[in-house]
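*Asks:* turn this into a structure:
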Amino acid sequence: MSVETRPTALQQYLAAQASLDASRAAVSELGKSDAVATFEAQLAVLRRQLVADPGQFRELFIRDGMAALAGQFRSGELGAGFTHQLWETLLRDDDASTVLMRFLWDLPLRGKRTFIRALDAHLRDRYPMFAGLSENWPAASNIGPYIREPEARNRDFGLVNTGYLGYLTQGYSQREVDLFVWLEALRDKQCADSPCELGELLASGQRKGGCPVQIHIPSLLDLLGQGKFAEALALLESCNPLPNVTGRVCPQELQCQGVCAHQQRPIEIGQLEWFLPQREKRVTPEEIERRYGGHPDPWRTATKAPVAIVGSGPSGLINAFLLAAQGHPVTVFEAFHELGGVLRYGIPEFRLPNELIDDVVRKIRLLGGRFVTNFVVGKTATLDDLRAAGFAQVFVGTGAGLPQFMNVPGEHLVNVMSANEFLTRVNLMRGLSDEYETPLPEVGGKRVLVVGGGNTAMDAARTAYRLGGDVTIVYRRTQDAMPCRVEELHHALEEGVRLRTLRAPAEFAGDDRTHAVRAAVLDVMELGDPDASGRRAPRPTGERETVPADLVIMALGNASNPIIRDSQRDLRVSRRGAIEVGEGTQRTSLDGVYSGGDAARGGSTAIRAAGDGQAAAREIGALASLSADEVRARVARARRFTAEASAPARIVAKTPLAPGIVEFEVYAPLIARAARAGQFVRVLGWPDGELIPLTLADWDAHAGTITLVIQGMGTSTRKMNALGVGDVFAGIAGPLGLPSELHDYDAASETVVFTAGGVGLPPVFPIAREHLRRGNHVTLIVGFRSVDLLFWNGEAARLASLQREFDGRVELVFTSDDGSFGIPGMVTGPLRQMLDADRARAAGGAPAGRRVAEVVTIGPPRMMEAVCALTREYGTPTVASLNSIMVDATGMCGACMVPVTEGGRLVRKHACIDGPELDGHSIDWDKFLPRFAQYRAQERASLERAGLA
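*Replies:* Next comes the predicted model:
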């Protein structure tokens, strides 16, 4: 009998299994005898022993004929029949296959190579990915994740790298996919020094690479090699509760895989991380609820101090998860209406599906964690407020969040935008779908330039290409110096994105009629000496070239957002605005406040942010200085604050003011307590609506309400005005922007003049009231197109009540464009008369009267421009309040750019961070006003879709 046909112990075992299966079938027909039952019980015990100790399996085979099986492997060749039988056993997904996986895992490298050669030789027809697998295995050959072909993916937002589970779409079973993953783990060398986990030890004593969250990678691979998928996931999540996120976006090639012993083809550690939680969702979805649900509610047990987490990006989520798992009551405060931070707004779904973020959030909720959206720390409440509300510790993981620009000529042009804005409109606000109201710039068929070389640039370029753009990335260094992940650049080029290296924008040219960008003038660069980062610094050669461009996306990184630091002056920050933490700690200069991620680093990766969140959780969890009574009291206060912050933005009153203009009173207690004159809120009417900035018309801190006046212009505002009492806005965030800067004037001789056009009157009202409370005299020049649009002027209305409250210090002047009420014409008419009187008095030729101390103008942009042009003639200080085009309204997107001249230079300010009130004389109105028409075509199309045109 040949070696190929001789019955081996493995074949005998399989025959016994088949015999047992037949016996079971017979027993089910004839009734189970005591003897058979005893036999099965004994076999079950044996199986459990074998699973617990694979060595018994090996010894049993040696005793019963294992020599033949071992001989097969020692011979260096496995026959076709034997290989097929071996593979079929592995596919069974039972005790026998598990024991066999462990047996093969324990083989020396020579035996494993014999096995891989057999798969290559005998199963390549069945599994094309096995063809050539044995060539230079395990160092340089493997079965990688399934990546969709470029032509199949470059116009949709489905996953590009679909991971090992992507093979399911190619007709393979879950068990086959499990074995592909197991074969990848089989490559592992179980290195004694664990470079993938700890990093490679350099001669300097420093470590290069490694895992920022200290995943026990060798142990993980050992469990996978033994077929223990559930145990591998448990180990993984004990180190990193976000593996299905970090496994997708972490730059493994610079960290764990970058120092893998297999330098030619590192083990797919990131994909293995991502695979395990996704596999559990498919195979045993009930396990998620079992493992994370059913825990005592930490808000009720109140045995550990409550913690506030600011920001729901990678550092905040991992911090919240680990602390909640320890039994801390945690509340995560997020500025947006959706959770995930940069993971959701910044990373497209072809790289990171939103469901993976939702999975993490679900686990935190199951552990008792709570989330509050539309909450801007530094505006809605300060860090001091959170601590006063009962939170014993606060972790700040807000990211960097302020996009950088180059400040080159033409950067103000329409359709020059930040990658943050572009990606937020697409990813978070779903502007690519007609079902959502957020407008997108026209991309289809347009020439798109993306400036930058990082991952954000890749995301923006690949997104624009999927929207139909003709996309070119412009980068000032060479391709090999690009900081993006190699995989992302490779995929971008595969998909059709072009790359122009050693090029940097010197200026942008626009269309004089539309003020939209039409071309970029590029400096041709060369590499000089290394800069501070060690890379060769680019420098202009003196040569320039002009390339056409209809849309320019600036992806140049982010600076630190000033909101928190400006609200907390005792928080120590670096020269660049990042929050400072101590050496070897995540503690900040404020007692009980910790930070990590981009907020403290100023710019890094998701995995490093997660590592900071993990480190801070360890520090916070180790604190136990509060008494049990103090803990319970703090938890009760923090619970009340969380509930109040989460209260739905319910409409409690609605008053029609004029055709298309409605006043709403909305329950928003924390905004009402924090509101100051001149500030605004960001309103989302419904989940698939558009984010709209609305200036606060009034507020009542005692009642917990704010007053909004909405004029129905576009689809979103018209739908908002259709809401009624009891309805709820999907989200209101604020108060945003800087409060009005007030000055004291002599009420007897000076007046502060407000020019309010139309719905500019509601935002004027609280600012004027604050001036009056300071003792100033106020003149309100209120303009409407016609008497039909007049509001707030009746005996019982707000303006009359203001006059009664501040008797003698309020003067009202009304104008109408059509002359139907008050003075005919625009607000500039009576304003010019006042300014002329000032000039005449200064020359001694007019009766005594109040001088115009300053002008505040709010209303239609053209009106504000006219007022500023007029007051510039007279040298009268003028403030313009700008609620321009916005998305997030916290500075993160950079959409509300205002070109301002300072010191003879045109610089960029942002209405939501530096305003909304800016010096009206410094604004370059010719460059600013065209931005209001940027999405006019999209708004018309939206009205038509909604049947409102």
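*Asks:* hey, where'd the helices end up in the stretch 51-200 of the chain?
*Replies:* Counting by DSSP state H, counting those that start in this stretch, residue ranges of the helices within the stretch 51-200 of the chain are 54-64, 66-74, 80-91, 95-105, 109-122, 150-153, 174-185, 195-198.
*Asks:* of all those, which one is nearest residue 852?
*Replies:* helix 150-153 (62.3 Å; CB to CB). Every C-beta, even on glycine, is put in place using the N, C-alpha and C of the backbone.
*Asks:* using CSV, write out every CA atom in the closest one.
*Replies:* Presented in CSV, the C-alpha positions along helix 150-153 are these (Å, rounded to 0.1, in the frame of the first residue of the first chain):
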residue,chain,number,x,y,z
PRO,A,150,-10.3,50.3,-9.0
GLU,A,151,-12.9,50.4,-11.8
ALA,A,152,-15.5,48.8,-9.5
ARG,A,153,-14.9,51.2,-6.5
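*Asks:* any buried residues in it, and which?
*Replies:* Neighbour-count burial for helix 150-153, counted by 16 or more other CB atoms under 10 Å, picks out residue 153.
*Asks:* tell me the mean pLDDT over it?
*Replies:* Regarding helix 150-153, the rounded mean pLDDT is 95.
*Asks:* for the stretch 251-400 of the chain, just list every one of the strands.
*Replies:* With strands called from DSSP state E, counting those that start in this stretch, the stretch 251-400 of the chain shows them at 307-310, 330-333, 370-372, 393-396.
*Asks:* packing partners of the second one?
*Replies:* Contacting strand 330-333 under the criterion 3 or more CB pairs under 8 Å, 6 or more residues apart in numbering; DSSP states H and E are the following elements: strand 307-310, helix 314-325, strand 370-372, helix 628-645.
*Asks:* count of neighbours near the residue nearest to residue 558 when sequence neighbours are not counted?
*Replies:* In space, and not counting its chain neighbours, residue 558 is closest to residue 400: 3.8 Å by CB to CB, 6 or more residues apart in numbering. For residue 400, the neighbour count with other CB atoms under 10 Å is 24.
*Asks:* where does residue 400 land on pLDDT?
*Replies:* 76.
*Asks:* tell me the SS of the residue nearest to residue 150 when sequence neighbours are not counted?
*Replies:* Distances taken as CB to CB, 6+ apart place residue 494 nearest to residue 150, at 4.2 Å, with adjacent residues excluded. Secondary structure for residue 494, judged by DSSP: H, G, I helix; E, B strand; the rest coil, is helix.
*Asks:* just the pLDDT for residue 494.
*Replies:* At residue 494, the pLDDT value in this model is 97.
*Asks:* please report how far it lies from residue 466.
*Replies:* Relative to residue 466, residue 494 is positioned 13 Å away (criterion: CB to CB, to the nearest Å).
*Asks:* identify the contacts common to those two.
*Replies:* Shared contacts of residue 494 and residue 466, defined by CB atoms under 8 Å, 6 or more residues apart in numbering, are found at residue 154.
*Asks:* who has more neighbours, these two?
*Replies:* Using other CB under 10 Å as the criterion, residue 494 and residue 466 rank with residue 466 on top: 22 against 15.
*Asks:* wouldn't that one be in contact with residue 350 here?
*Replies:* Yes - the pair residue 466 and residue 350 qualifies as a contact (CB atoms under 8 Å) at a distance of 7.4 Å.
*Asks:* can you list residues touching both of the two?
*Replies:* Joint contacts of residue 466 and residue 350 (CB under 8 Å, 6+ apart) are 156-157.
*Asks:* I'd like the helices and strands packed on strand 330-333 laid out as CSV, including mean pLDDT.
*Replies:* Converted to CSV, those look like this (pLDDT from 0 to 100):
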stretch, mean pLDDT
strand 307-310, 97
helix 314-325, 94
strand 370-372, 98
helix 628-645, 97
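*Asks:* just put these in a markdown table and tack on mean neighbour count and distance to residue 614.
*Replies:* What follows is those, written out as a markdown table (neighbours: other CB atoms under 10 Å; distance: least, CB to CB, whole Å):
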| stretch | mean neighbour count | distance to residue 614 |
| --- | --- | --- |
| strand 307-310 | 30 | 13 |
| helix 314-325 | 30 | 5 |
| strand 370-372 | 20 | 19 |
| helix 628-645 | 17 | 23 |
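*Asks:* and residue 84, which of these is closest to it?
*Replies:* helix 314-325 (44.8 Å).
*Asks:* packing partners for that closest one?
*Replies:* Partner elements for helix 314-325 (3+ CB pairs under 8 Å, 6+ apart): helix 243-249, strand 307-310, strand 330-333, helix 354-366, strand 393-396, helix 606-621.
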